[in-house]
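1. Need coordinates for the below:
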Amino acid sequence: MPAPPANKRVKNKRISRNIIIGSEAYNLPPVGDPTRPKGIPDDHTKRWTVYVRQPPGDPDIRAWLNKVQFKIFNTYENPLRTCESPPFEVTETGWGGFNIDVRLHFQPISGEKAQYRQHFLQLEKYGDEKMQAMQERTGCVRSEFLEVVQFNEPTEALFEALTSESQWDYLTAGMKGAKKAAAMAVGPNGRPKRGFPNGERTAQLPEKGGEDVPFSGEGEDALIALIREKIGVVQKSLEEETKKREETEKRLKDLRAELGHDAAQQAAQQASGDRSRRR
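-> Below is the predicted model:
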């Protein structure tokens with residue numbers, strides 16, 4: 001079967017993928033300490049790593065991500081670092097934090113332009129007392145955020161890649177038989193791994209929901225029905241208010257006709273005078 005054309009789009013489809021953009025920083029041994037690595041400037045106090053990773057149990061990031069470029073501070077040698085395969089990360093040493101530009105390059109089959117993100121390199125302890133105590137105990141300052149990449153009406157080739165079962169092959173690499181089947185179905189917490197709701201490995205919502213499947217076609221249909229019901233209630237209230245307004249306007253028109261122009265003007269002036277006296 002020929003491969004899907006790279007430029008043809010799948011209409012009315014949107015597929016999202018999660019990524020983690022973050023950094024880790026560790027204290028370096030002080031100058032003069034025999035365990036301090038050689039060649040590091042004396043004023044550098046931290047060893048840090050900035051990275052782009054997939055959340056545990058998610059589909060393989062390589063199905064859609066081709067390479068990542070990190071633009072670090074321009075005082076470093078070769079500040080534009082390119083990672084063309086996992087791990088997508090850069091490790092250096094330094095003494096102060098700064099913003100790092102992260103450029104995500106997608107697989108050629110996607111037909112998508114690169115996207116930019118930004119991450120601040122956090123080297124010093126931060127957060128509340130509990131968080132800082134944990135950072136002190138572990139010796140690691142970690143700062144990371146979950147980002148969402150959306151493919152709206154992806155190319156047919158990318159859609160096939162993002163719905164293929166091969167995205168999960170990395171989870172069972174090196175396993176065989178029953179052990180492999182168990183690993184594919186259940187995570188460490190005893191629940192199905194993300195991407196395996198009811199055993200379905202697809203970018204589409206599963207038909208049925210359940211305790212471990214918070215989103216499903218069944219739930220989507222129920223939510224749509226609820227929204228339509230609420231829209232009907234609002235529409236009915238709007239119609240009732242419109243009818244009341246029309247009745248009020250008609251009564252005012254009839255009163256004006258009955259009183260005549262002069263009487264209506266006199267009543268308006270009297271009402272204005274009453275308001276002035278009250279002030």
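2. so where is the stretch 51-200 of the chain shaky, pLDDT-wise?
-> Low-confidence segments of the stretch 51-200 of the chain (pLDDT under 70): 174-200.
3. which of the residues in stretch 20-36 are buried?
-> Going by neighbour count (16 or more other C-beta atoms under 10 Å), the buried part of stretch 20-36 is Ile20, Ile21, Gly22, Ser23, Glu24, Ala25, Leu28. Heads up, the C-betas are built off the backbone N, CA and C, glycines and all.
4. can I get those residues in JSON lines with distance to Phe106, secondary structure and pLDDT?
-> Output for those, formatted as JSON lines (distance: C-beta to C-beta, whole Å; DSSP: H, G, I helix; E, B strand; the rest coil; pLDDT from 0 to 100):
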{"residue": "Ile20", "distance to Phe106": "17", "secondary structure": "strand", "pLDDT": "97"}
{"residue": "Ile21", "distance to Phe106": "16", "secondary structure": "strand", "pLDDT": "98"}
{"residue": "Gly22", "distance to Phe106": "20", "secondary structure": "strand", "pLDDT": "97"}
{"residue": "Ser23", "distance to Phe106": "23", "secondary structure": "strand", "pLDDT": "98"}
{"residue": "Glu24", "distance to Phe106": "26", "secondary structure": "strand", "pLDDT": "97"}
{"residue": "Ala25", "distance to Phe106": "29", "secondary structure": "strand", "pLDDT": "97"}
{"residue": "Leu28", "distance to Phe106": "36", "secondary structure": "coil", "pLDDT": "95"}
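5. for the stretch 101-250 of the chain, what spans make up the helices?
-> Along the stretch 101-250 of the chain, counting by DSSP state H, counting those that start in this stretch, helices occupy 129-138, 156-162, 177-185, 217-278.
6. so for the last one, what's the average pLDDT?
-> Same thing as helix 217-278. Averaged across helix 217-278, the pLDDT comes to 78.
7. now for that helix, which elements pack on it?
-> Helices and strands touching helix 217-278, as assessed by 3 or more C-beta pairs under 8 Å, 6 or more residues apart in numbering; DSSP states H and E, are absent.
8. Quick one: distance of that helix to the chain centre.
-> 43 Å (C-alpha atoms, centre = their mean, to the nearest Å).
9. How about stretch 152-163?
-> Stretch 152-163 sits 19 Å away from the centroid of its parent chain (C-alpha atoms, centre = their mean).
10. hmm, back to that, between the buried residues of stretch 20-36, which is nearest Lys125?
-> Distance to Lys125, by C-beta to C-beta, is smallest for Ala25 among these, at 9.7 Å.
11. For that closest one, which residues are in contact?
-> Listed by C-beta atoms under 8 Å, 6 or more residues apart in numbering, the contact partners of Ala25 are Lys46, Arg47, Trp48, Thr49, Leu121, Gln122, Leu123, Cys140, Val141, Arg142.
12. Now with 7 Å, please.
-> Contacts here follow C-beta atoms under 7 Å, 6 or more residues apart in numbering; on that basis Ala25 touches Lys46, Trp48, Gln122, Leu123, Val141.
13. Could you do Gly22 as well?
-> Gly22 touches Tyr51, Arg142, Ser143, Glu144, Phe145, counting by C-beta under 7 Å, 6+ apart.
14. The same query, at a cut-off of 6 Å, please.
-> Ser143, Glu144 (C-beta atoms under 6 Å, 6 or more residues apart in numbering).
15. Pipe the buried residues of stretch 20-36 into TSV and attach distance to Thr93 per row.
-> TSV is the format used below for the buried residues of stretch 20-36 (distance: C-beta to C-beta, whole Å):
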residue	distance to Thr93
Ile20	23
Ile21	21
Gly22	18
Ser23	13
Glu24	13
Ala25	10
Leu28	6
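16. among the residues you listed, which two are most distant?
-> Maximum distance among the buried residues of stretch 20-36 (C-beta to C-beta): 24.8 Å, for Ile20 and Leu28.
17. Tell me the one among the buried residues of stretch 20-36 nearest to Lys250.
-> Ile21 (62.6 Å).
18. The closest one against Leu121, yeah?
-> No: using C-beta atoms under 6 Å as the test, Ile21 is too far from Leu121 to be in contact (11.4 Å).
19. Any idea how many residues pack against Lys253?
-> A count of nearby residues for Lys253, using other C-beta atoms under 10 Å, gives 10.
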